[in-house]
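In: sequence-free structure coming up:
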Ligand SMILES: NC(=O)c1ccc[n+]([C@@H]2O[C@H](COP(=O)([O-])OP(=O)(O)OC[C@H]3O[C@@H](n4cnc5c(N)ncnc54)[C@H](OP(=O)(O)O)[C@@H]3O)[C@@H](O)[C@H]2O)c1
């Protein structure tokens, strides 16, 4: 099995952190996140390169990630998994302009800026770019209308870039279903008992790795997929 160079944004918590942990013993992993290294280093595997980049400032974040890659002598990437995401749980008519903008900046504008900035790194390796969307892109999500809009945007972005970059960089979008991470609490939503029916982030990370290895797009990674053996019989990135 070849050792791959894999970048994961939002690699400091939830699904992204679990992806980083499962990939790090077999691949060279670069994790990015908004927090300073001192706050996240203890939870990351030892050999992982960490780059701080706050994606609420999309262009600066993309520049910081490119600079960080070059400083670590990384000129090629086999995979870039654009996973960082955020949202605010509010009734649509009361959502502030600032919250709307932040959701779109982190989830969409930053994904676009990073896709453009990382293209040369991926092109050199004939690599693959994966956007992490959400089932909210299709189904909507109560009190998360801007979040749902941002994930639908990623779906369109992946289709367009996939056509533009055919033959150079493969592009896919994966839409996870409800997963037991802190994203809901960070958004100001208390889930209560329903959270028991959400998949654990380790399981979602396993399902995502299988879907990334397969390369199909778009793909939905739901509880139904899990019950059909989606994490038990999965393949690993090779
Ligand atoms: N959990 C679900 O039910 C679910 C369902 C469908 C799709 N998703 C998607 O899956 C992805 C991962 O979500 P998760 O559930 O694992 O959430 P999470 O546990 O909150 O992790 C999100 C990651 O994104 C980072 N992030 C947030 N804002 C950022 C910013 N401004 N700049 C840079 N990084 C930032 C977080 O950093 P910190 O560690 O500093 O917070 C964290 O590393 C997201 O794209 C989310 O939309 C989640």
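Out: Yep, that arrived. Because the structure is a prediction, the values reported are computed rather than measured.

In: going forward, measure contacts between C-alpha atoms and count neighbours the same way
Out: Noted.

In: which residues in the protein form helices?
Out: Secondary structure of the chain by DSSP state H: the helices cover 14-23, 37-40, 58-71, 97-104, 110-124, 136-139, 145-164, 183-186, 201-214, 223-227.

In: of the ones you listed, flag the one that's most buried.
Out: Per residue and on average, the most neighbours among these fall to helix 14-23, with a mean of 23 (mean count of other Cα atoms under 10 Å).

In: which neighbouring elements make contact with the lowest-mean-pLDDT helix or strand in the chain?
Out: The helix or strand of the chain with the poorest confidence is helix 223-227; it has a mean of 78 (mean pLDDT, DSSP states H and E). If you count contacts as 3 or more Cα pairs under 8 Å, 6 or more residues apart in numbering; DSSP states H and E, helix 223-227 packs onto no helix or strand.

In: at the geometric centre of this protein, which residue do we find?
Out: residue 83 (1.0 Å; Cα atoms, centre = their mean).

In: confidence score at that one?
Out: Listed pLDDT for residue 83 reads 98.

In: tell me how far residue 207 lies from residue 181.
Out: Relative to residue 181, residue 207 is positioned 15 Å away (Cα to Cα, to the nearest Å).

In: kindly report the same for residue 64.
Out: 26 Å.

In: hang on, the earlier thing: lowest average confidence across the helices of the chain, which one?
Out: Note on those: lowest mean pLDDT is at helix 223-227, with a mean of 78.

In: wait, isn't the residue nearest to the centre of the chain in contact with residue 12?
Out: No. Residue 83 is not in contact with residue 12 according to Cα atoms under 8 Å; the separation is 10.6 Å.

In: now residue 118: how far from residue 207?
Out: 24 Å.

In: ditto for residue 45
Out: On the measure of Cα to Cα, residue 45 and residue 207 end up 20 Å apart.

In: kindly report the same for residue 83.
Out: If you go by Cα to Cα, the gap between residue 83 and residue 207 works out to 14 Å.

In: need the contact list for residue 114.
Out: 58, 62 (Cα atoms under 8 Å, 6 or more residues apart in numbering).

In: so how far is stretch 186-202 from its chain's centroid?
Out: Centroid separation for stretch 186-202 versus its chain: 18 Å, with Cα atoms, centre = their mean, to the nearest Å.
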